[in-house]
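how would this look folded up:
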Amino acid sequence: MKKNLKKIVILLSALLSLGSCSHMVDALWNPNAASFNIDAEQDGAIIKISFSRNDHTNFRSNGDVSESSYFWGYYVYRNSSSPYDDYNLIGITGLVRFAGNDGNGQSFYFDYIERVLGESDVNPDPNPIEFEDTSCNSGIKYFYRVVVVYREWDKDAEEWLQTLSDQDASSWAAAVCP
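The predicted model follows:
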């Protein structure tokens, strides 16, 4: 009985540790790389990437110059070889869209769009914390990561700089393309 109990404890420990394996391995290899988790799942003929973040609420609105950087978009990366190989940018969800200026010549943003690289369409994005991968090849397993990107605002010059910065990065998630 003791022998079986020991096996059960070892098995449960292994299951618990493997349950969040990607997040734990990311934390060991690069503590700054895994700030949040993402999900990748088949949804019909696509793979849907979803995550729980609210960075997209920190965009520059009309006349707001209180920050030096603002949310710019969730950048979605993918590869088909390994979760620890290099990833390629495939699209941006929650990308802030230019809305106009505030009367002082300062541009502000108020809406989100989704941009899939390689496509000319830029679609309205009612759900900025979700991305649909429509360009995957059937039967291939893909690994995904999401990076939260901010853009610098020069308060003194009152203009956007070209500087983009990664604020947080997700752990990886995988799904097989239907």
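
and the protein, what are its domains?
Domain ranges of the chain: 1-31, 35-176, per automatic domain parsing.

and the end-to-end length of the longest one?
End-to-end distance for domain 35-176: 24 Å, by C-alpha to C-alpha, to the nearest Å.

confidence-wise, which of the domains of the chain is weakest overall?
The weakest mean pLDDT among these belongs to domain 1-31, with a mean of 54.

how about the strands in this protein?
Counting by DSSP state E, the chain has strands at residues 38-43, 46-51, 69-79, 88-101, 107-116, 122-124, 130-133, 141-154, 159-169, 173-176.

got the ones you listed as TSV, with distance to residue 58 and mean neighbour count columns?
In short, each C-beta sits where N, CA and C put it, glycine included. As requested, these are exported to TSV (distance: least, C-beta to C-beta, whole Å; neighbours: other C-beta atoms under 10 Å):
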stretch	distance to residue 58	mean neighbour count
strand 38-43	19	16
strand 46-51	16	20
strand 69-79	5	23
strand 88-101	10	18
strand 107-116	11	18
strand 122-124	20	12
strand 130-133	18	22
strand 141-154	8	20
strand 159-169	10	13
strand 173-176	24	17
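
looking at those strands, spot the one closest to residue 57.
With C-beta to C-beta, the closest approach to residue 57 among these belongs to strand 69-79: 7.5 Å.

now do that closest one: which elements does it pack against?
Helices and strands touching strand 69-79, by 3 or more C-beta pairs under 8 Å, 6 or more residues apart in numbering; DSSP states H and E, are strand 88-101, strand 130-133, strand 141-154.

run the angle between that strand and strand 38-43 for me.
50 degrees (axes from the mean of the first three to the mean of the last three C-alpha atoms, to 10 degrees).

partner strands of strand 69-79, with direction?
strand 88-101 (antiparallel), strand 141-154 (antiparallel) (DSSP bridges).

turn the ones you listed into CSV, including distance to residue 132.
Listed next are those as CSV, based on distance: least, C-beta to C-beta, whole Å:
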stretch, distance to residue 132
strand 88-101, 9
strand 141-154, 12
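
which one of those lies nearest to residue 68?
Short answer: strand 141-154, nearest of these by C-beta to C-beta, at 6.0 Å.

CA atoms only: put the closest one into CSV for me.
The C-alpha coordinates for strand 141-154 follow below in CSV (Å, rounded to 0.1, in the frame of the first residue of the first chain):
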residue,chain,number,x,y,z
LYS,A,141,1.4,22.0,-35.5
TYR,A,142,2.1,25.7,-34.8
PHE,A,143,3.5,27.4,-31.7
TYR,A,144,2.4,30.9,-30.8
ARG,A,145,3.5,33.8,-28.6
VAL,A,146,2.0,37.3,-28.1
VAL,A,147,4.0,40.4,-27.2
VAL,A,148,2.4,43.6,-25.8
VAL,A,149,3.9,46.6,-27.6
TYR,A,150,3.9,50.2,-26.6
ARG,A,151,4.9,53.3,-28.7
GLU,A,152,6.7,56.3,-27.3
TRP,A,153,5.1,59.7,-27.2
ASP,A,154,7.4,62.8,-27.0
